[in-house]
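Undergrad: what would the 3D arrangement of this be:
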Amino acid sequence: MARRYDQRTTTFSPEGRLYQVEYAMEAINQAGSTVGIKGSEGVVILAEKKTLSEMLERTSREKIHKIADHITVAVAGLTSDGATLTDWLRQQAQRYQYQFQAPMPVEQLVKTLADNMHVYTQYGGLRPFGVSFLVAGWDKHHGFQLIKVDPSGNYSVWHATAIGQNTNTGVTLLRSDYSEDSNFEDNCKLAAKCMIKMGDSATATPERFETIMVTRVDGQVVIKSIEKSKLQSLLDDAKKAAEADKAD
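TA: Numbers count the residues shown, from 1 in each chain. Alright, predicted model coming up:
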């Protein structure tokens, strides 16, 4: 009996669970760790890459993707599912821009994504997308925003959160160290500290991470990566802090 509920996307178990959605969540838990932190000056995201090779182009990205001039996303889970939904998001944002001659509000785009992902949990012959999103952006309605979207179609707005491997470790650290009054520099340091705690500090080098910062300069939204030298400094400081904590 249990196997029947296990195989059917749209059949609830007697406990009220959809196993296929839980399997999608497990795929995300095996993905590289990703941390997002929002402050008054902007949003910073650090994401661990699972695929490392000297043959890869340095500009290739698997975790963080720009959707529009004011929105970017980080994905954790099945890369192919993430790529499909990322392209779909870009189409939605461009259609809105063309129709209304204005940038699409961040939460409206997120709701559209969540609705689309939820559809794939409702019909036989489909499976849930095995990917979660951290959406970072700015609009005139709510300012800077950091929103997490799950395979179930549920989304939630956060000051700081984590997805991927060792999520509980990252969320626990964020809960204890995050402050709404912290500046951009402090949030970058906290993100690096989380990545060290969530992963293997011995292999934590700038090449293992993708980064993005969403901020505003002279009234314009700016989306850019953290410089390699700056990221190296952040990781070094986080390693020293982690070693000091162990010594204590």
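Undergrad: please make it C-alpha for all contacts and neighbour counts, starting now.
TA: Noted.
Undergrad: as a check, name the ranges of all strands in the chain.
TA: Ranges of strands in the chain, per DSSP state E, are 34-39, 42-48, 64-68, 71-77, 131-139, 143-149, 155-157, 160-163, 209-217, 220-224.
Undergrad: how about CSV for the ones you listed, with mean pLDDT and distance to residue 240 added?
TA: Below are the strands of the chain laid out as CSV (pLDDT from 0 to 100; distance: least, C-alpha to C-alpha, whole Å):
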stretch, mean pLDDT, distance to residue 240
strand 34-39, 96, 20
strand 42-48, 95, 19
strand 64-68, 96, 27
strand 71-77, 95, 27
strand 131-139, 97, 28
strand 143-149, 97, 29
strand 155-157, 97, 32
strand 160-163, 96, 22
strand 209-217, 94, 19
strand 220-224, 96, 27
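Undergrad: so what sits opposite the residue most central in space within the chain in the bridge?
TA: Centroid-nearest residue in the chain: residue 134, 3.0 Å away (criterion: C-alpha atoms, centre = their mean). Beta bridges link residue 134 to residue 74, residue 148, judged by DSSP bridges.
Undergrad: OK, contacts around it?
TA: Counting by C-alpha atoms under 8 Å, 6 or more residues apart in numbering, residue 134 touches 36, 73-75, 146-149.
Undergrad: so which of these comes closest to residue 213?
TA: Within these, the smallest distance to residue 213 is 9.8 Å, found for residue 36 (C-alpha to C-alpha).
Undergrad: separation between that closest one and residue 73?
TA: For residue 36, the distance to residue 73 equals 10 Å [C-alpha to C-alpha, to the nearest Å].
Undergrad: looking at those two, which is more packed in?
TA: Neighbours were counted for residue 36 and for residue 73 using other C-alpha atoms under 10 Å; residue 36 has more, 31 against 24.
Undergrad: correct me if wrong: that one contacts residue 160.
TA: Yes: counting by C-alpha atoms under 8 Å, residue 36 does reach residue 160; the two are 5.6 Å apart.
Undergrad: which helix or strand in the protein has the lowest average pLDDT?
TA: None of the helices or strands of the chain scores lower by mean pLDDT, DSSP states H and E than helix 2-7, at a mean of 60.
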